[in-house]
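Engineer: Build me a structure from this.
(one chain, ligands or ions: 1)
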Amino acid sequence: MERLDKRLSSTGRWSRKEARELIRAGRVRVDGQVVRAPEEKVGRQVPVMVDGEDVGGGGPVYLMMNKPAGLVSATEDPRQETVLSLLPERYRRLGLFPAGRLDKDTEGLLLLTNDGPLAHRLLAPKNHVDKVYYLEVDGALDEADCRVVAEGMTLPDGLTCLPGKLEPFPGENRGYITIREGKYHQIKRMMEALGKPVTYLKRVRFGPLTLDETLEKGGWRALTEEEIRVLFGQ
Ligand code: URA
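Structural biologist: A predicted model of the protein is given here:
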């Protein structure tokens, strides 16, 4: 059960204040009956109409973003622009936050949601959700690098990394790397320790989600029903 004014504002179409005004003006029906009390408790499945139009279920929201470089993965920042600034106002009212962080200069797949329990589950270190990144480094990647990453590295600064998977394009300075945790600047620190610093990093998979490559940099879209289903199948 949630308050009627909250149910309306959680659709992103009205602020809490606008919702209260609509309710007091007699424009909102709950299960067919006009309700004028913003604090009225409403079940999630009970239909709510504004001016005769169903406002929808008020459930959680899941968005996929192709994060561009230059924005921070946070909901607010006193000095820097955040990924939320790419969303229209109606989405910014929904309490969305990035599930996991990408560095300011990292691009690619970012999940934005207001589903705290799901995000917590995906990010809990013990759950070891795979994250796959496309990377470019300064120097050629070789078999020795792959073995070191596969064994699990201990970095000079003491950071211990779970075994990962490095898959270079043969003879090139680029490829894919899979890690199962998300420690601060982890990939950059791993590659630095191998003497091949990262020059470009882009996340292409997050658990069962694959970046939709048709999204332009800075583009976003709602997850499909199928993507939400596999996310919960984790
Ligand atoms: N590892 C990094 O170093 N940076 C990221 O943004 C993600 C993983």
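Engineer: What ranges does this protein have for its helices?
Structural biologist: Along the chain, counting by DSSP state H, helices occupy 4-9, 16-24, 89-92, 116-123, 143-151, 186-193, 225-232.
Engineer: Summarise which helices and strands the fifth one is packed against.
Structural biologist: Spelled out, that is helix 143-151. Counting contacts by 3 or more C-beta pairs under 8 Å, 6 or more residues apart in numbering; DSSP states H and E, helix 143-151 is packed against strand 165-168. Quick note: C-beta positions are derived from backbone N, CA and C, even for glycine.
Engineer: got the residues of the chain near the ligand?
Structural biologist: Residues of the chain lying close to the ligand (C-beta under 6 Å from any ligand atom) are 102, 103, 106, 185, 186, 187, 188, 201.
Engineer: Can you flag the buried ones in those?
Structural biologist: 102, 103, 106, 186, 187, 188, 201 (16 or more other C-beta atoms under 10 Å).
Engineer: Which secondary structure element of this protein has the lowest mean pLDDT?
Structural biologist: helix 89-92 (a mean of 73; mean pLDDT, DSSP states H and E).
Engineer: Quick one: distance of that one to the chain centre.
Structural biologist: 15 Å (C-alpha atoms, centre = their mean, to the nearest Å).
Engineer: any idea of the mean pLDDT in stretch 201-215?
Structural biologist: Stretch 201-215 shows a mean pLDDT of 97.
Engineer: So which of the helices of the chain is the most surrounded?
Structural biologist: Sort these by mean neighbour count, taking mean count of other C-beta atoms under 10 Å, and helix 4-9 sits at the top with a mean of 22.
Engineer: Identify all contacting residues around stretch 132-145.
Structural biologist: If you take C-beta atoms under 8 Å, 6 or more residues apart in numbering as the criterion, stretch 132-145 is touched by 106, 108, 166, 168, 171-179, 187, 191, 194-205.
Engineer: any low-confidence regions in the chain?
Structural biologist: 44-46, 57-59, 90, 93, 234 (pLDDT under 70).
Engineer: what residue is smack in the middle of this structure?
Structural biologist: residue 111 (1.8 Å; C-alpha atoms, centre = their mean).
Engineer: Send me the least confident helix or strand of the chain as CSV with only the CA atoms.
Structural biologist: In CSV, the C-alpha atoms belonging to helix 89-92 read as follows (Å, rounded to 0.1, in the frame of the first residue of the first chain):
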residue,chain,number,x,y,z
GLU,A,89,12.5,15.7,-16.0
ARG,A,90,9.7,13.2,-15.5
TYR,A,91,12.2,10.4,-15.0
ARG,A,92,14.4,12.4,-12.7
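Engineer: which other residues reach that helix?
Structural biologist: 12, 13, 61, 63, 84.
Engineer: Next: stretch 62-82.
Structural biologist: Contacts to stretch 62-82, defined as C-beta under 8 Å, 6+ apart, come from residues 83-87, 91, 96-98, 100-113, 115, 203, 209, 211-212, 215-223, 227-228, 231.
Engineer: Stretch 221-233 too?
Structural biologist: 61, 62, 63, 64, 111, 118, 122, 207, 208, 209, 212, 215.
Engineer: What about those residues, which are in strands?
Structural biologist: 62, 63, 64, 111, 209 (DSSP state E).
Engineer: would you list the helices of the chain in a markdown table and tack on distance to residue 55?
Structural biologist: Shown next, in a markdown table, are the helices of the chain (distance: least, C-beta to C-beta, whole Å):
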| stretch | distance to residue 55 |
| --- | --- |
| helix 4-9 | 6 |
| helix 16-24 | 10 |
| helix 89-92 | 12 |
| helix 116-123 | 22 |
| helix 143-151 | 49 |
| helix 186-193 | 42 |
| helix 225-232 | 20 |
